[in-house]
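**Student:** For reference, the sequence and a predicted model appear below.
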Amino acid sequence: MATANQAATPSRRRHRVWAMVALLVLAALLAAFWRPLTGYARVGSAYGAHVACSCRYAGGRSLSDCAKDFEPGMELISLSEDRKARSVTARFPLLGTATATYHEGWGCLLEPWGR
């Protein structure tokens, strides 16, 4: 019985080592690509907010119908609206959010990004 436990121990250690190596590689990749990822998320959410706001308040279509105007690859962008403020907010999960507000005569304007 003791022999079986000793044989399993190196295998478990090997799995733990590989799991730690995989986590370190994943963390390094995330750190290396963090700026591009957040940049794409901010630009994608800004584009989504502007397109959806224009579609909703200038075009008079429903918000769910406006999501059909998104480019391929924008499936993770979610939309919400504030009817009272006449604005649309687009969110990319955990990484980016942007709001566009409709102003009569001007159209939809993006709110300034926080730095």
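**Tutor:** Alright, I've got the coordinates.
**Student:** hey, where'd the strands end up in the chain?
**Tutor:** For the chain, the strands defined by DSSP state E occupy 78-82, 87-92, 96-103, 107-110.
**Student:** Of these, which is nearest Arg14?
**Tutor:** For these, the distance to Arg14 is smallest for strand 87-92, at 37.9 Å, taking CB to CB. Any C-beta I mention is one placed from the backbone N, CA and C, and that applies to glycine too.
**Student:** Give me the helices and strands touching the closest one, please.
**Tutor:** helix 34-53, strand 78-82, strand 96-103 (3 or more CB pairs under 8 Å, 6 or more residues apart in numbering; DSSP states H and E).
**Student:** Residues contacting it, please?
**Tutor:** 41-42, 44-49, 52-53, 56-57, 63, 66, 76-82, 97-102, 108, 111 (CB atoms under 8 Å, 6 or more residues apart in numbering).
**Student:** which residues does the nearest residue to Ile77 once chain neighbours are set aside contact?
**Tutor:** Leaving aside its chain neighbours, Ile77 sits nearest to Gly48 (4.3 Å; criterion: CB to CB, 6 or more residues apart in numbering). Contacts here follow CB under 8 Å, 6+ apart; on that basis Gly48 touches 70, 74, 77, 79, 90, 98.
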